[in-house]
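Asker: pasting a predicted model and its sequence here:
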Amino acid sequence: MKANLQEALRNASADYAEIRWEVLERSRVAFQRDQLLALEHSREAGGVVRALVEGAWGMAVFTDPDQIPTKLAEAAELARAAARKVRNPIRLAEVQPVEDKFIPQLAQDFREIPLEEKRKLAERYNQVILNYSPQIVSSTVRYTDTLRHVYYANSEGTYLQQLIPDVTVLLLAVARKNGDIQQAFESIGEAAGYEVALDLEERAEAAARRAVELLSAKQVKGGKYTVILDQELAGVFIHEAFGHICEADFLLKNEPMRKVMQLGRRFGVEQLNVVEDGYIPGRRGNAPYDDEGVPRRKVYLIKDGVLTGLMHSRATAAATGMGPTGNARAVSWEHEPIVRMRNTYIEPGEASFEELLKGIDYGVYAKGAFGGQTEFEQFTFSAQYAYEIRGGEVGDMLRDVVLTGNVFDTLRNIERLGKDFQLKGGAGGCGKGGQSPLPVTDGAPHVRIRDVVIGGK
């Protein structure tokens with residue numbers, strides 16, 4: 001493979017060219033209620049070439065390696081045609097060529113596990129959920145494993161092989177009482193082996209129990225509160241509400257936000273540090289190099305409350321006069337790499353959970369993330385569930401908790417950071433530019449924030 005890719009690149013009629021060839025193996029098992037919806041194993045292979053000519057990209061995809069020379073010529077021709085109309089020529093930040101191979105060791109290789117055994121495992125979790133209570137009326141259990149073998153070469157001399165495993169499990173329960181329907185879920189995702197999916201019966205039961213408990217939970221009263229976010233919700237918040245606006249390709253296309261996101265500007269309390277980390281072994285979607293062959297490196301988006309970094313591809317780094325960070329990622333061989341997150345998190349502080357609760361006469365402890373949306377600096381997130389905080393103690397369960405606000409105001413309103421940091425990869429993924437779901441991780445400690453607007457009755 002290496003010789004073939006390098007020979008094709010030597011003959012490419014472009015200022016710069018790159019080839020990415022991927023071989024993917026996947027297994028999937030899915031139950032809904034008592035029905036087996038999916039039981040499948042598949043293998044696919046494909047690739048993409050990009051050619052840069054006179055400041056414009058051309059791209060072509062292929063499914064047969066013998067097509068590479070033809071596809072490189074096609075991409076170069078597309079780039080030449082695009083170059084006639086380009087106003088801002090694309091340049092690439094310089095990086096050192098590298099040759100490397102990344103083959104992680106799996107404690108239990110999921111390729112060696114029969115599909116029938118994976119089916120039995122998912123069915124067992126499904127039965128735990130369905131048998132928990134007569135009020136459980138439906139369930140979803142989904143197991144997936146993927147092994148992505150990526151070969152990458154460019155005309156500058158870089159050649160890489162990376163093997164990226166991925167295992168996810170979703171455990172979802174739906175409960176109903178007198179026409180009221182509530183749901184809860186547990187979600188696991190790691191760049192690891194089959195062992196990640198084992199012994200999750202307690203997690204399945206926890207999802208079912210929480211769905212039933214939500215049937216009798218209080219509806220939150222709308223208002224402005226001091227709120228404590230748990231690690232999962234705080235991690236999703238920093239990824240969705242802040243991380244995406246630190247992606248340099250977004251800022252290059254959005255002048256108003258670019259003026260706001262000036263390096264050196266204070267965005268939070270001095271204790272706030274927000275990291276976009278490069279390669280963390282075993283975490284979901286992790287590998288040492290991005291899909292442009294650039295080593296992933298750790299970036300402080302916020303350091304001591306001040307904006308100190310952004311995420312870059314080679315092109316955005318050149319356009320802004322900064323260095324590439326290894327954030328160019330593609331969801332599959334059918335797509336070009338764009339600026340994406342990897343491991344985004346708030347670093348821990350020093351407070352215990354009890355210290356975070358102290359002094360809150362009445363507030364909300366919000367846990368888990370049910371999704372949400374962002375529009376520039378405005379966000380709306382739904383917590384999976386929550387609890388009242390009364391007199392500095394956790395009280396009754398709450399439901400229908402929707403948090404809204406301005407991300408910059410919210411960062412400034414952070415009062416304390418817990419010391420109980422967690423980094424998590426779930427069964428879903430990040431979406432951007434038509435590429436979804438991209439495996440990522442995010443995390444945080446518990447975070448206490450004042451003046452958070454919560455919608456409710």
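Answerer: That came through, no problem.
Asker: what's the mean pLDDT across stretch 159-168?
Answerer: The pLDDT scores in stretch 159-168 average 98.
Asker: helices and strands around the helix or strand of the chain with the lowest mean pLDDT, which ones?
Answerer: Least confident helix or strand, the chain: strand 362-375 with a mean of 91, by mean pLDDT, DSSP states H and E. Counting by 3 or more C-beta pairs under 8 Å, 6 or more residues apart in numbering; DSSP states H and E, the packing neighbours recorded for strand 362-375 are strand 223-229, helix 231-237, strand 378-390. All C-beta atoms are positioned from the backbone trio N, CA, C, and that covers glycine.
Asker: can you put the ones you listed in TSV and add distance to residue 166 and mean pLDDT?
Answerer: Listed next are the helices and strands packed on strand 362-375 as TSV, based on distance: least, C-beta to C-beta, whole Å; pLDDT from 0 to 100:
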stretch	distance to residue 166	mean pLDDT
strand 223-229	27	97
helix 231-237	19	97
strand 378-390	23	96
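Asker: between these, which gets nearest to residue 193?
Answerer: Closest to residue 193 of the helices and strands packed on strand 362-375 is helix 231-237 (C-beta to C-beta; 23.4 Å).
Asker: chain center to that closest one, what's the gap?
Answerer: 12 Å (C-alpha atoms, centre = their mean, to the nearest Å).
Asker: what sits up against the helix or strand just after it?
Answerer: Sequence order places helix 248-252 as the next helix or strand after helix 231-237, per DSSP states H and E. For helix 248-252, contacts defined as C-beta atoms under 8 Å, 6 or more residues apart in numbering pick out 244-245, 257-258, 261, 310-313, 316-317, 319-320, 322, 338-339.
Asker: got the contact list for residue 357?
Answerer: For residue 357, the contact set (C-beta under 8 Å, 6+ apart) comprises 228, 389, 392, 393, 394.
Asker: show me just the buried residues among the residues you listed.
Answerer: Buried members of those, scored by 16 or more other C-beta atoms under 10 Å, are 228, 389.
Asker: picking up where we left off before, mind checking which of the contacts of helix 248-252 land in strands?
Answerer: 338, 339 (DSSP state E).
Asker: picking up where we left off before, now, the most widely separated pair of the contacts of residue 357?
Answerer: Maximum distance among the contacts of residue 357 (C-beta to C-beta): 12.0 Å, for 228 and 393.
Asker: tell me the most buried of the helices and strands packed on strand 362-375?
Answerer: Highest mean neighbour count of the helices and strands packed on strand 362-375: helix 231-237, a mean of 26 (counted as mean count of other C-beta atoms under 10 Å).
Asker: export that one to PDB, keeping only CA atoms.
Answerer: Taking Å, rounded to 0.1, in the frame of the first residue of the first chain, the C-alpha atoms of helix 231-237 are listed here in PDB:
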ATOM      1  CA  GLN A 231     -19.900  16.300  34.900                       C
ATOM      2  CA  GLU A 232     -21.800  15.000  31.900                       C
ATOM      3  CA  LEU A 233     -24.000  18.100  31.400                       C
ATOM      4  CA  ALA A 234     -21.100  20.500  32.000                       C
ATOM      5  CA  GLY A 235     -19.100  18.600  29.400                       C
ATOM      6  CA  VAL A 236     -21.800  18.700  26.800                       C
ATOM      7  CA  PHE A 237     -22.300  22.400  27.500                       C
END
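Asker: done for today, thanks.
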